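Student: After the sequence you'll find the predicted model.
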Amino acid sequence: MSLSLPTEIGAIVANGIRETPEEKIYAAYMGQYREAASRPRKAKHHKRETLRRGSAYSSPEDAFNGLGATANGLPMTLDLPTLSVMQSFAMALAGALLFFYWAQNRRMTVLAVWGTAHLSASLGIIALTLGYALRQPLWSAAAGVFLTSQAGLMWKGARDIDRRPASYLLAFAGPAALIAAGSVPILRGVISSISIGIGVVYSLLAAATLYFGKTDRLFARWPLVGLNAVHGVGLLIGMYSTFIGSTGQDAVPALWSLFGFIYFETTVYALGTAVFAIALFKERDEAATLALSRTDALTGIANRAHFLDTAEHTLQRCRRDGMPASVVMFDLDRFKSINDQFGHAVGDTVLQKFCEMTCAVLRPQDLFGRIGGEEFAVIMPGCGIEAAYARADRIRSSFAESSRFVGGQPVKGTVSGGVAMSETSAEALDVLLKLADAALYEAKGDGRNRVKRASWEAAADNVSNVFRVA
C-alpha cells in the first residue's frame, strides 16, 4: 500500500534522509560553493554596518580596514602606564648589565656610575607613573630628582671615560637646583620644563665631552656621542612642547604628541649606552694589550719586533714616493760598567733618560725603538744624511749633558751613534741597519761619545766582521 505525499514528507523528517556517499560528496561541494558565492554580499553588508557604527573605531578609514578597534568596540591605544613600566624595566636592565660588567673589573668605575644613572632613571619613571596615577605631587617631585640625577651621572661618567676630573657635587647640582626651584611658588608652574632643561644641559655636555675627548680613536665612542646628542635634542623638543603648552606641565603627554618621541628614545638611550659603554672598554682593553705587545716595558718606546715591522713599512712608503730615508743606530757607552758600579736601578734610569732626550729631539714622523739591551735605532723618513746626522749629534750632546749625575751618582753617561742614508730608499732595511751599525762601530773605535756617517766603501770592509766595543 502506497503512502500519501504528506505522509512521505513526514517520514523523511522523522527518519532523516539516507544519502549515498556520492550524494554526500555532492552536497558538501555545493555547500562550499554557496558559501563562497555569498561572501561579497556579506562583506558589503559588513562594510555598511561598520561605517554605520563608526563610533567603535577611531576613524572611518580605520573602520573600513578593521583597525583601531578591540573586541568590545572600544578604541585601541597603547597603554601608557604599561609602556612606562616597560621603560623602567629596560633602564633597570641596562643598569644591572653595567653593574655586572663592573663587578668583573672594578677598574671600570664608569660602568658603575652609568649603572647607577640608569637605575635612578628606572626609579624616576616608576615615580612619575605613580605621581600621575595617584595625583600625588610628592611622587612627581621625586621623579624629577631621579631623572635629573641620571643626567648628571651620565655627564660625570662621560668625563670619567677620558679620565677628566668631575666631582659628584657638579653631577648632583642639577637635582639640587630642581629642588630649589620647586620651593619657589612662581617656578612651580614650569617645574617640568626646568627638569627637562637640566637633562638637556647634562646630555649635550656629555656628548661634547665624549666628542672632544677622542684620543683613543675607538669605534664605540661614536655611538655614545650620537646617543647622548640625540637624547639631549629629544629632551629639548620635550621641553619646548611643555613650554609652549602643547603638553601640560602636570599632564601625561600623549603617545603621538611632540613629546611622545621621548617614550621610545629613552629606552634606546638606556640600552644603547649600556651596550656601547661595555664595547668601548673592551676595545680599550684590546688596544692596551696590543700596545703592550708592541712597546718596550721599561722605556715606553717601540720594542724590537714592532720597530722592525713598522720601519719596513716606512721604508716602503719612502721608496714608493721617491723620498730619502735615514737610519741611526745608538749604543750607550760602557753601560755594563754603569750597571756594575751603580746598580741596575741607576742603569734603568739612564736608559729611560736617554729615551726621553731622544723623543724630545725627534720629529712626530720618526720611529724610535729599542733593539737590544742598550742598543737603539731610529728611522727618519724624508730626511737626508746631514739633517739626520745633526739630529743624532744633538741627541748625543743633550744626553751627555743631562747624564753627568743620575740619582745623585756621578754616572757620566754618554752614547755613540752611526748614521746611514738611502737617497731613494731602494736599499732594504737590514742593509741600512748594517751600514749604520758599521758607522757606530767606527764611532766606538774612535773614542766613543760621537756620531759617525756611514760610507759605502768603509761599510763594505767592516759590515761583515763588526766587533762591537762597549
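Tutor: Arrived safely, thanks for sending.

Student: Compute the mean per-residue pLDDT across whichever strand or helix holds residue 270, please.
Tutor: Assigned by DSSP states H and E, residue 270 belongs to helix 261-294. Helix 261-294 carries an average pLDDT of 90.

Student: Quick check: buried residues in that helix?
Tutor: Buried residues in helix 261-294, counted by 16 or more other Cβ atoms under 10 Å: 261-263, 265-267, 269-281, 283-284, 294. Glycine gets a C-beta too; all of them are placed from N, C-alpha and C.

Student: and that helix, how far out from the chain's middle?
Tutor: Relative to its parent chain, helix 261-294 has a centroid offset of 4 Å by Cα atoms, centre = their mean, to the nearest Å.

Student: One more: stretch 155-164?
Tutor: Chain-centre distance of stretch 155-164: 13 Å, with Cα atoms, centre = their mean.

Student: For it, give the mean pLDDT please.
Tutor: Per-residue scores along stretch 155-164 average to 93.

Student: who touches that stretch?
Tutor: 109-110, 113-114, 117, 165-166, 168, 170-171, 202-203, 205-207, 209-210, 213, 215, 224, 228, 277, 280 (Cβ atoms under 8 Å, 6 or more residues apart in numbering).

Student: Am I right that residue 361 is in contact with residue 391?
Tutor: Yes: here residue 361 reaches residue 391: they are 5.9 Å apart, a contact under Cβ atoms under 8 Å.

Student: Now the buried members of the contacts of stretch 155-164.
Tutor: Judged by 16+ other Cβ under 10 Å, buried ones among the contacts of stretch 155-164: 110, 113-114, 117, 166, 171, 202-203, 205-207, 209-210, 213, 224, 228, 277, 280.

Student: Just these: which are in helices?
Tutor: Among these, DSSP state H puts 110, 113-114, 117, 171, 202-203, 205-207, 209-210, 224, 228, 277, 280 in helices.

Student: List the residues that contact residue 195.
Tutor: Residues counted as contacts of residue 195 (Cβ under 8 Å, 6+ apart) are 144, 147, 148, 178.

Student: That one: which element?
Tutor: Assigned by DSSP H and E, residue 195 belongs to helix 191-212.

Student: what mean pLDDT does that helix have?
Tutor: 92.

Student: That helix: how far from the chain's middle?
Tutor: Relative to its chain's centre, helix 191-212 lies at 19 Å (Cα atoms, centre = their mean).

Student: Dump that helix to PDB, restricted to CA.
Tutor: Written as PDB, here are the backbone C-alpha positions of helix 191-212 (Å, rounded to 0.1, in the frame of the first residue of the first chain):
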ATOM      1  CA  ILE A 191      58.900  72.800  37.000                       C
ATOM      2  CA  SER A 192      58.600  70.100  34.300                       C
ATOM      3  CA  SER A 193      60.300  72.400  31.800                       C
ATOM      4  CA  ILE A 194      63.000  73.100  34.300                       C
ATOM      5  CA  SER A 195      63.500  69.400  35.000                       C
ATOM      6  CA  ILE A 196      63.800  68.600  31.300                       C
ATOM      7  CA  GLY A 197      66.000  71.600  30.700                       C
ATOM      8  CA  ILE A 198      68.500  70.300  33.200                       C
ATOM      9  CA  GLY A 199      68.600  66.900  31.400                       C
ATOM     10  CA  VAL A 200      69.200  68.800  28.100                       C
ATOM     11  CA  VAL A 201      72.300  70.600  29.500                       C
ATOM     12  CA  TYR A 202      73.800  67.500  31.100                       C
ATOM     13  CA  SER A 203      73.200  65.300  28.000                       C
ATOM     14  CA  LEU A 204      74.700  67.800  25.500                       C
ATOM     15  CA  LEU A 205      77.600  68.300  27.800                       C
ATOM     16  CA  ALA A 206      78.200  64.500  27.900                       C
ATOM     17  CA  ALA A 207      78.000  64.300  24.100                       C
ATOM     18  CA  ALA A 208      80.600  67.200  23.800                       C
ATOM     19  CA  THR A 209      82.900  65.600  26.400                       C
ATOM     20  CA  LEU A 210      82.900  62.300  24.600                       C
ATOM     21  CA  TYR A 211      83.500  64.000  21.200                       C
ATOM     22  CA  PHE A 212      86.300  66.300  22.200                       C
END
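
Student: now that helix and helix 261-294, what's the angle there?
Tutor: Put simply, helix 191-212 runs at 20 degrees to helix 261-294, going by axes from the mean of the first three to the mean of the last three Cα atoms, to 10 degrees.

Student: picking that back up, could you identify the most distant pair in the contacts of residue 195?
Tutor: Across these, the longest distance by Cβ to Cβ is 9.2 Å; it joins 147 and 178.

Student: re earlier: more neighbours: which of residue 361 and residue 391?
Tutor: Between residue 361 and residue 391, counted using other Cβ atoms under 10 Å, residue 391 has the larger neighbour count: 22 against 16.

Student: quick one: that one and residue 362 touch, right?
Tutor: Yes: in this structure, residue 391 is within contact of residue 362 by Cβ under 8 Å, at 7.1 Å.

Student: intersection of neighbour lists for these two?
Tutor: Common contacts of residue 391 and residue 362 (Cβ under 8 Å, 6+ apart): residue 380.

Student: which residues in the stretch 301-450 of the chain form strands?
Tutor: Taking DSSP state E, counting those that start in this stretch as the test, the strands found in the stretch 301-450 of the chain are 325-332, 367-370, 375-381, 415-422.

Student: Compile the ones you listed into a markdown table and extend it with columns for distance to residue 99 and mean neighbour count.
Tutor: Output for these, formatted as a markdown table (distance: least, Cβ to Cβ, whole Å; neighbours: other Cβ atoms under 10 Å):
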| stretch | distance to residue 99 | mean neighbour count |
| --- | --- | --- |
| strand 325-332 | 50 | 27 |
| strand 367-370 | 42 | 22 |
| strand 375-381 | 46 | 24 |
| strand 415-422 | 52 | 26 |
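
Student: which residue is nearest the centroid of the chain?
Tutor: By Cα atoms, centre = their mean, the chain has its centre lying nearest to residue 220, at 2.2 Å.
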